[in-house]
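> compute the structure for the input listed below.
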Amino acid sequence: MSPPRATQEPTTSSVRGWRWFVGGNRDPLTLTPENWEAFAKDTDFRPRFVLRQLLDMAERMIPAAEKVLAELKGTEADSKLLALAVEDIVQRCTAVRAWSA
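A predicted model of the protein is given here:
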């Protein structure tokens, strides 16, 4: 008898095919503070705690991503895709930071 397997949706490279929900929202490009507050309630965390954690991560991820990009510049790992990934990280983190403004 084979072990049970978890059922998952097919893997996709599209962001719109994201398999997880956050506060009822399946699209990571449109997550809002309200989605994260709903997530907090669903998982028995305090909403303020979750939002503070998100803000803290956003604050730390921007310089970390930019540091990686700078350190890899001119190496074999340097690529346009890496620059695009860092740009995306910065945009998303900037959006999260704006929630507290």
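> any weak-confidence spans in the protein?
Across the chain, the ranges flagged by pLDDT under 70 are 1-19, 101.
> any idea which helix is longest in it?
In terms of residue count, the longest helix belonging to the chain (DSSP state H) is helix 47-72.
> list the buried residues in it.
For helix 47-72, the neighbour count (16 or more other CB atoms under 10 Å) marks 47, 50, 51, 54, 55, 58, 61, 62, 65, 69 as buried. All C-beta spots, glycine's among them, are computed from the backbone N, C-alpha and C.
> which SSE is immediately downstream of it?
The helix or strand immediately downstream of helix 47-72 is helix 80-99, counting by DSSP states H and E.
> tell me what that following helix is packed against?
Under the contact definition 3 or more CB pairs under 8 Å, 6 or more residues apart in numbering; DSSP states H and E, helix 80-99 sits against helix 47-72.
> what is the helix it packs on packed up against?
So helix 47-72, by 3+ CB pairs under 8 Å, 6+ apart, packs with helix 33-42, helix 80-99.
> report the angle between the first one and helix 80-99.
Right, helix 33-42. 80 degrees (axes from the mean of the first three to the mean of the last three CA atoms, to 10 degrees).
> quick one: contacts of helix 33-42?
The contact list for helix 33-42, computed with CB atoms under 8 Å, 6 or more residues apart in numbering, reads 22, 23, 24, 25, 45, 46, 47, 49, 50, 51, 54, 99.
> let me know the closest of the residues you listed to residue 79.
Proximity of the contacts of helix 33-42 to residue 79, judged by CB to CB, is greatest for residue 54, which lies at 28.3 Å.
> could you report the neighbour count for the closest residue to residue 55 other than its chain neighbours?
The shortest distance from residue 55 to any residue other than its chain neighbours is 5.4 Å, reached at residue 100 (CB to CB, 6 or more residues apart in numbering). Other residues lying near residue 100 total 12 when counted by other CB atoms under 10 Å.
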